[in-house]
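Student: below are the sequence and a predicted model for it; my questions follow.
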There are 2 protein chains.
Amino acid sequence: MVDVATLVEQAREGRPRAVARLITLVENAAPELREVMAALMPYTGQAYTVGLTGSPGVGKSTSTSALVSAYRRLGKRVGVLAVDPSSPFSGGALLGDRVRMQDHATDPEVFIRSMATRGHLGGLSWAAPQALRVLDGAGCDVILVETVGVGQSEVEIAAQADTTVVLLAPGMGDGIQAAKAGILEIGDLFVVNKADRDGADATARELNHMLGLGEARQPGDWRPPIVKTVAARGEGVDEVVEALEKHRAWLAETGELAARRRRRAAEEVEAITLAALRARIGDLRGDRHLHALAERVAVGELDPYAAADQLIAELTG
Amino acid sequence: MVDVATLVEQAREGRPRAVARLITLVENAAPELREVMAALMPYTGQAYTVGLTGSPGVGKSTSTSALVSAYRRLGKRVGVLAVDPSSPFSGGALLGDRVRMQDHATDPEVFIRSMATRGHLGGLSWAAPQALRVLDGAGCDVILVETVGVGQSEVEIAAQADTTVVLLAPGMGDGIQAAKAGILEIGDLFVVNKADRDGADATARELNHMLGLGEARQPGDWRPPIVKTVAARGEGVDEVVEALEKHRAWLAETGELAARRRRRAAEEVEAITLAALRARIGDLRGDRHLHALAERVAVGELDPYAAADQLIAELTG
């Protein structure tokens, strides 16, 4: 039995174990989540969330760690959420790179958690916002959300943040790859990491060119800056923080911050609604019935829409 | 206005343009799909579907093209579906590698289509089965489903096939990466491509070792074979076809073929049901209401579960 009120109280006091346990509840889609979220709500809305995405090898973990250091120098309480949606089967994130975060492991003002989001339909839509809410409620000023890999799920998670940072590196994160992954559209800020390597200028130029190819911007629109860094040596990281703070100010001034958070909340509410309806489909008809309908579809006796109609009629009738 | 009956009739006669148009309807989630699927149902269930997945650079396109050639030598009609779920924003698949398929472009017994599956929730669960149904109805004996990238969505699509082939290459598709992507569990057959390169034997050994680490198999269980190929020169491709045919025979004998198709149909029916309910959420309350609820969640006035309750009560009340 989880004592939610005590856990939430301890998380608000900044106790790492309580924060970790609450995020585990999110990870496990625990039934207590409803109570947890209700208890956390009044203490949320303060944290600035930054999503980081990019191909494996661009230095996401190193960049995240460098950003944690930079924000700690500014006296901020920092949360790091490493989301791994690419492990639907293992039930646990393999985060070998997490070792880079150990610089911050003993800092009581830094919360680091990895979260494996299983293959559940819609799970990604609510899990990340809820984990962010836990870190927000725990008093984090800044939350960095780092995703593993560059699939659609990762892009969606990174895009749920207040500000989305897309990382590239010379010679691998070229523009075509970025365009393929659909990440040009979601980047509020582009970082060319490993800028001491050959090709960094070319990558930045190509990116600049591709960003310019989009539709004409209106006055007041945000033009995503491109910052070059060598995160492993901390070079350029203060410039990234500066660019982030500029974007944050722009978000607040234009009302875009509220709009983004409303969109994130809408996606979360819709995902919870659908998950509840999905559970109800299972409850009402039982897996046996869906099984029987699926059998008829599989052998060509029934089309899938007619099968869906039968489920819906029972559910809403 | 789409004349569904005529299109389906033409697709059944093997006319490529009709097949292409039907898959475009799937891609666009067109309202005519219900009619299309109902019309196709009686003519489906014959095609053997093979999913191919693996990291970028392992030679998926080359392997797919080589498999098409091998099956054509056996006189089979072949369908190729290249699914790109990593482009939620672009609205079109960037398939530069498709050029390798041009060897087969003029063969009337080969249907090749790429399909971009947008970022719609649940879209992946129904889009791939429906595109397969179109190719099945068009009389394909074998359908190869190639996914772009290795995110969770790609793994799920590849796993929806009758047989799932996981491709690796020496030095890049090592076991740890495969385990990370959750693809060890879904592979019915492993192909180590580019086997003329250094490290091919080591990759095969490592893979063999990791596959052996799983739970003990029962007699009659399928033990995934590992085949080495140099797809660009066609080497080992006949062995892949042989292994596929063995797996197909095993699927049929054990009843697993019917079970997999039933699971695929169940996922499709559930996805259609949820999509319909989701549309109904929009219809009933209007975006304005969800917007208003989301606004209250975003500012911390209402928890997301209470907001979901309001939507569900209206929907099912």
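Tutor: Received it, and whenever you're ready, just let me know what you need. Residues are numbered from 1 along each chain as shown, chains lettered A, B, ... in the order given.

Student: just the helices in the stretch 201-317 of chain A please.
Tutor: Remark: helices of the stretch 201-317 of chain A, listed N- to C-terminal, are A:237-254, A:256-298, A:304-316; assignment by DSSP state H, counting those that start in this stretch.

Student: mind showing which ranges of the stretch 101-250 of chain A have poor pLDDT?
Tutor: A:101-102, A:117-125, A:148-154, A:172-182, A:213-217 (pLDDT under 70).

Student: mind doing that once more with 80?
Tutor: Along the stretch 101-250 of chain A, segments meeting pLDDT under 80 span A:101-103, A:105-106, A:114-126, A:148-159, A:171-185, A:212-220.

Student: just to revisit the earlier point, to residue A:66, which of the helices of the stretch 201-317 of chain A lies closest?
Tutor: Distances from residue A:66 to each of the helices of the stretch 201-317 of chain A were compared using C-beta to C-beta; the shortest belongs to helix A:237-254, at 4.5 Å. For glycine as for every other residue, the C-beta is placed from the backbone atoms N, C-alpha and C.

Student: so which elements touch that closest one?
Tutor: Contact here means 3 or more C-beta pairs under 8 Å, 6 or more residues apart in numbering or on different chains; DSSP states H and E; on that basis helix A:237-254 packs against helix A:60-73, strand A:163-168, strand A:189-192, strand A:226-228, helix A:256-298.

Student: which of the ones you listed has the lowest mean pLDDT?
Tutor: Ranked by mean pLDDT, the helices and strands packed on helix A:237-254 end with helix A:256-298 in last place, scoring a mean of 81.

Student: of the helices and strands packed on helix A:237-254, give the one that comes closest to residue B:292.
Tutor: Proximity to residue B:292, assessed across these by C-beta to C-beta, is greatest for helix A:256-298 (9.6 Å).

Student: tilt between that closest one and strand A:163-168?
Tutor: Comparing the axes of helix A:256-298 and strand A:163-168 via axes from the mean of the first three to the mean of the last three C-alpha atoms, to 10 degrees yields an angle of 70 degrees.

Student: chain center to helix A:256-298, what's the gap?
Tutor: From the chain centre to the centre of helix A:256-298 is a distance of 20 Å (C-alpha atoms, centre = their mean, to the nearest Å).

Student: quick one on the thing from earlier: tell me which of the helices of the stretch 201-317 of chain A lies nearest to residue A:34.
Tutor: Ranking these by proximity to residue A:34 (C-beta to C-beta) places helix A:256-298 first, at 9.0 Å.

Student: now the angle between helix B:304-316 and the closest one, please.
Tutor: Going by the same axes, to 10 degrees, helix A:256-298 makes 50 degrees with helix B:304-316.

Student: now do helix A:256-298: which elements does it pack against?
Tutor: With contacts taken as 3+ C-beta pairs under 8 Å, 6+ apart, helix A:256-298 sits against helix A:123-137, helix A:237-254, helix A:304-316, helix B:256-298, helix B:304-316.

Student: try 7 Å
Tutor: Using 3 or more C-beta pairs under 7 Å, 6 or more residues apart in numbering or on different chains; DSSP states H and E as the contact criterion, the secondary-structure elements in contact with helix A:256-298 are helix A:123-137, helix A:304-316, helix B:256-298, helix B:304-316.

Student: what about residue A:13, neighbour count?
Tutor: The criterion is other C-beta atoms under 10 Å in any protein chain shown. On that basis, residue A:13 has 11 neighbouring residues.

Student: circling back: deepest in the core, which of the helices and strands packed on helix A:256-298 is it.
Tutor: Here the criterion is mean neighbour count by mean count of other C-beta atoms under 10 Å in any protein chain shown, and of those the winner is helix A:123-137, at a mean of 25.

Student: by how many degrees do it and helix A:256-298 diverge?
Tutor: Using the same axes, to 10 degrees: helix A:123-137 against helix A:256-298 is 150 degrees.

Student: and helix A:123-137, how far out from the chain's middle?
Tutor: Relative to its parent chain, helix A:123-137 has a centroid offset of 8 Å by C-alpha atoms, centre = their mean.

Student: can you check stretch A:4-18 too?
Tutor: Here stretch A:4-18 is found 22 Å from its chain centre; the criterion is C-alpha atoms, centre = their mean.
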